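**Student:** sequence first, predicted coordinates after that:
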Amino acid sequence: MSGVAFAYSRAADVADAVARGGAPGAAFVAGGTDLLQLWKAGRATPTELIDVYGLGLDGIGVDGDELSIGATARLSDVARHPFVVDQHPLIAEAVLASASGQIRNMATVGGNLLQRTRCPYFRTAGMACNKHRPGSGCGALDGEDRHAALFGAGSSCVATHPSDLAVALVALDATVEVSGARGVRRVGLSELYRLPGERPDVDTTLAAGELITRVLVPRAASIGRLATYVKVRDRASFEFALLSVAAVIRIDAGTIVHARLVCGGVAPAPWRLPAGEALLIGQKPERGVFTVAAAAAVEGAPPLPGNSFKVELLRRALVRTLTTIATGS
Amino acid sequence: MSTTETIATGTDTTTGTETTTGTETTTGTETTTGTETTPADSSERTRGPRIGENAPRPDGVPKVNGEFAFGNDMWIEGMLFGRTLRSPHPYARIISIDISKALAMHGVHAVITADDVPGQKLYGLEHKDQPVFASEVVRFHGEPIAAVAADHPETARRACRAIEVEYDVHAPIVDAELSITAPPIHPDGNIFRHMFIRHGHPDSPESEGVVAVEGDYEIGMQDQAFLGPECALGIPLEDGGIELYVSTQWIHADREQTAACLGLDPEQVRMTMAGVGGAFGGREDISLQIHTALLTLHTGRPVKLQYSREESFFGHVHRHPAKMWYRHSARADGTLAKIEARLVFDGGAYASTSSAVLSNASCFAHGPYNVEHALIEGYSVRTNNPSCGAMRGFGAVQTCFAHEAQMDKLAAALGIDSIDLRLKNALKTGDRNITGQLLSGVVPVAELIERCVAHPLPAMGEVGEMMGRPGGAGRTADAHHIKRGFGFAIGWKNLMFSEGFDDYSTARVRIDEGQNGPVVTVHCACAEVGQGFVTLAQQIARTVLGLDEILLHPADTQVGSAGSTSASRQTWMSGGAVQQACEAVRTQIFASLAATHGVDPETLAIQDDHIVSVDGTFSIPVEDAVANKTFEATEVNRHVQTVRLDADGQGDAHVSFAFAAHRAVVDVDEELGLVRVIDITTTQDVGKLLNPRQALGQIEGGIAQGVGLAVMEEIIVTNGKVRNASFTDYLIPTTLDMPTVTIAALIEEPEPGAPFGAKGIGEPPTIASTAAVAAAIRNAIGRDITRVPVRPQDICL
Ligand SMILES: Cc1cc2nc3c(=O)[nH]c(=O)nc-3n(C[C@H](O)[C@H](O)[C@H](O)COP(=O)(O)OP(=O)(O)OC[C@H]3O[C@@H](n4cnc5c(N)ncnc54)[C@H](O)[C@@H]3O)c2cc1C
Ligand code: SF4
């Protein structure tokens, strides 16, 4: 731990959490599965911990035309919720591919979306890292770069976002509901994340003290659509993604009319591949089409020496995901 | 735990430990540990397991229930907490160390550096080249610079941060090959050992066969990944000495090295084993022993030092990464004509056991095969990478991966079945190895191969549920993406220490009258690190003496050295010492019967818990014969003398050899580079099964480590810096990643000279399992795999 004294309290309600969450040194804690690791590594030094686990934001259900998942819903509950399994299996697949059973029993949806990068330099105290302290340098750029990003990185930071769930949710056009000092707002999940640019230390567009209260998935995102999640990792039982792909397509009269290709583990945020999506629209769902689209999707990805293999691996994973969807196996 | 000065360590409930703390002496603990067994206190006596029977581990249930006291659970009133400051750089000159701010902090009792080491400044298991604290130069990422004792672990941590060290950072030497010729990074030079083994006439034209294959092989740095991080507790003694409780593999070697650095006589350092949570070679070297002792003596207070998981990765040695070039040439009929190899082992910053590891790698470099000629050149080299030393398999793992890949390659080039090629060249009793040593013991290579491959393959059947497929949970590989592959490998290594090392173990056995009859106390310093000496010592004592109540005294330095719990040696060495001490006691019992009953002691034997005369005229229960008497004997067991290899790598360097074969079945998703190890079928040469349940545990555990090295376990070191010092990032197989383990045969052919004919069984399961998995992956994808651990990009690109 940081060794700095800290206060701990349970938030009484959302208003209380939001009122106190913006103070310097304040941090929300949900399952704590990521925050505690960062704290131990000296990469988070909260002085006021506001526990939001008990806020009752763990409901999962239908709200109008949307699936609503509370921010403190535990990953294991999400993965086995009948509505999720039935109507949005992509979410269940991505969650079941995340972490281990024990961690999923503790980890929450909000915490999962806001977990920080696994970059080993960021996770080790004392190492140069712009995400920890802008201007201190980036250890990964000329060091261990197997896990580094293919897309969206800047010269300041090449880290990737580790969430599996976020990849699936972006493919489903999800939004998040956020409460803050200025009230409640909704933001598209893909707009929640920001690229490193000049401020690699800031991962999201959330203002200080803003609390994610729930995630909303448009029902239409899944209805009549085919989707699957494919994850490539170094250990089968549990491990972060080396890379992953969430794909959603809708086929009408034999041609693809809607496509989302989103990949994980290769960018600072879940990364959409619009060039690949465009080449699918209007085409037949066939392997040849998928191969062309996948090749276009990964084109121009500028690899570092240690992660160039991920370009080809990603291309293959895209083809695999799309053929799996199209053939149903 | 009581609230007084009670130390939960390897103490036994009958005698207790006497812990002098300056205020009062308390005895006994209430916590069971790895070295303790509590005799049944009920008057009804149960018959305990003898040799050859399943003996449950006395620490098994307490461990599962969370009641076992590991080293980290040690606690004593008034103790301080230690912490080590480590170098963030792999190679740097230390310009200055300023401890004044740390020392001034409230709650800090001591801050010590190299200046505070009263005795030898350097230590080492084979060669003293490692500073207790770096003072001028740091040579690896994580090298200790200073240590702190404080009233709270957090104070100690903050004090470490307050120590100001100024470095002049140098570019590290991280490539072992380049280090051979690079400017020395240590006064002792960069080469730990450079050796040759010349067998036959490898330079003669006749040594060349008609078909040759070549290959370059590489193995990554594996960690022992034991679950219980290092821990020690030091207590100052009034005579100026120290009492140290440590979770370690060899307390006497720890004591020698610690005493030398403290400037004390070894007798002034009293050591006791604390509960160990796994070792696998990683506790053979000193880690925190000397630091704890220094802090204890410096403060005059008890000090506990324990590593976090992260620090543990920096605090112990690892398995040597290696690069190996091989060339095999064969006659047309498959006879191995010549094997050439060049081995470069990266030993990291300090010597540890690099020299012996290389010797092993070289001695077993040809595999368990006859070969007419061989030329093996080996280097173990100093670099600015983390130090490497002992790990299960000790050099033989690396070369097995290479020689078995070569055998498959050679078979393909010859157009011969790879199993037939192995059988044709298999070593057998009476052959000589490439160091010229006669293999006089049991060498069942052909039988191991035949019985392993003859075992039915697991049914192809339905590809299992998601978790059983490459890629694991979630939807990654479907049945039609999967290719199944099969691979075979066999490996061997020595048992016991080699090359002239004076290797022995000591055991004291005593019979006293207890509350419910006679109690046998076995006192041996053998470190129980999971290998099963706790059950074995009792089984041996019961078998030899025919008595049931056996108490294992804590392993400490109040008895002579038992040597290291490594090299698959403790069953032979310490088991043998216990057997001999029991036999000496038995002789005393017979002599006492001669005096009281007028029987000829030469005619007596113990059978079915009775002492009987050969002619059947005399019989008395052992219990009655020893009632109210005391017997005691101490015996030292030494194995046959070995010799150091000569300049041509020739000589009888080893005592005995053990062999194990593995057949791996893997499912590979070639497109995405994912592997699932489905099954490992094994045969092993065990001599005699002493505790079948324990043997199964050793085999399954050893295979887990072999599979881990094959497909995931690697310490990532870039430019000398460790990148994954955590169990989130250093991947080890979980139960979900484990294949089924099928034992096709355990060959019980007694080894001459071994107690009960039993061979050590701890290491062989790890040696060839890695090679077998790699072979199976090659078979599945039809392409070469020359490096382990195998990563997705090695398969699919
Ligand atoms: C061994 C291991 C393996 C893992 N493997 C995977 C994997 O394969 N795939 C994967 O996706 N993840 C993986 N994870 C990460 C895991 O999913 C996250 O740690 C977890 O989801 C975080 O949730 P939490 O509730 O514990 O968050 P916490 O640790 O409590 O919080 C994380 C961050 O989110 C903030 N926060 C939490 N809730 C809110 C909220 N409602 N509003 C605003 N801010 C909030 C906190 O302030 C903190 O900064 C793994 C973790 C571990 C330890
Ligand atoms: S990639 Fe980003 S997180 Fe990693 S070291 Fe560089 S700046 Fe830090």
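**Tutor:** Done, it's in. Numbers count the residues shown, from 1 in each chain, chains lettered A, B, ... in the order given. Ligands and ions are numbered 1, 2, ... in the order given.

**Student:** let me know the next secondary structure element after the helix or strand hosting residue A:262.
**Tutor:** Residue A:262 is part of strand A:255-264, with elements assigned from DSSP states H and E. Following strand A:255-264 in sequence order, the next helix or strand is strand A:271-272 (DSSP H and E).

**Student:** just checking, what packs against that next one?
**Tutor:** The helices and strands touching strand A:271-272, judged by 3 or more C-beta pairs under 8 Å, 6 or more residues apart in numbering or on different chains; DSSP states H and E, are strand A:255-264. (Each C-beta comes from the backbone N, C-alpha and C, glycine too.)

**Student:** the strand it packs on packs against which elements?
**Tutor:** Partner elements for strand A:255-264 (3+ C-beta pairs under 8 Å, 6+ apart): helix A:165-171, strand A:243-252, strand A:271-272, helix A:274-280, helix A:287-298, helix A:309-327.

**Student:** returning to what we had before: what about the strand holding residue A:262, near ligand 1?
**Tutor:** No: judged by C-beta under 6 Å from any ligand atom, strand A:255-264 makes no contact with ligand 1; its nearest approach is 8.2 Å.

**Student:** CA atoms only: put that strand into CSV for me.
**Tutor:** What follows is strand A:255-264 as a C-alpha-only set of coordinates in CSV (Å, rounded to 0.1, in the frame of the first residue of the first chain):
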residue,chain,number,x,y,z
THR,A,255,-26.4,-9.8,-47.3
ILE,A,256,-24.8,-8.1,-44.4
VAL,A,257,-26.6,-4.9,-43.5
HIS,A,258,-25.0,-4.1,-40.2
ALA,A,259,-21.5,-4.7,-38.8
ARG,A,260,-19.5,-3.9,-35.8
LEU,A,261,-15.9,-5.1,-35.5
VAL,A,262,-14.3,-4.1,-32.2
CYS,A,263,-11.0,-5.4,-30.8
GLY,A,264,-9.5,-5.5,-27.4
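
**Student:** in its sheet, what does it sit against?
**Tutor:** For strand A:255-264, sheet partners with direction are given as strand A:243-252 (antiparallel), strand A:271-272 (antiparallel), following DSSP bridges.

**Student:** number of residues surrounding residue 238?
**Tutor:** Picked chain A for this. Counted with other C-beta atoms under 10 Å in any protein chain shown, the burial measure for residue A:238 works out to 21 neighbours.

**Student:** not quite, go with chain B.
**Tutor:** Each residue near residue B:238 was counted by other C-beta under 10 Å, and the total is 8.

**Student:** what's the pLDDT at it?
**Tutor:** Residue B:238 carries a pLDDT score of 95 in this model.

**Student:** may I have the phi/psi pair for it?
**Tutor:** Residue B:238 has phi and psi values of phi -70, psi -30 when expressed as degrees, to the nearest 10.

**Student:** again, but for residue B:327
**Tutor:** When read as degrees, to the nearest 10, the backbone of residue B:327 gives phi -140, psi 130.

**Student:** my read is that residue A:282 contacts residue A:255, right?
**Tutor:** Yes: counting by C-beta atoms under 8 Å, a contact exists between residue A:282 and residue A:255, whose distance comes to 5.7 Å.

**Student:** those two: which is more packed in?
**Tutor:** Summary of the neighbour comparison: residue A:282 and residue A:255, criterion other C-beta under 10 Å, with residue A:255 having more neighbours (14 against 11).

**Student:** now do the more buried one against residue B:560, distance only.
**Tutor:** Counting by C-beta to C-beta, to the nearest Å, the gap from residue A:255 to residue B:560 is 83 Å.

**Student:** same question, residue B:386
**Tutor:** Residue B:386 sits at a distance of 33 Å from residue B:560 (criterion: C-beta to C-beta).

**Student:** those two: which is more packed in?
**Tutor:** With other C-beta under 10 Å as the criterion, residue B:386 and residue B:560 differ in neighbour count, and residue B:386 comes out ahead with 30 against 19.

**Student:** what's near enough to touch the closest residue to that one other than its chain neighbours?
**Tutor:** Using C-beta to C-beta, 6 or more residues apart in numbering or on different chains and skipping the chain neighbours, the partner closest in space to residue B:386 is residue B:348 (5.0 Å). The neighbours of residue B:348, taking C-beta atoms under 8 Å, 6 or more residues apart in numbering or on different chains as the test, are B:140, B:317-318, B:382-388.
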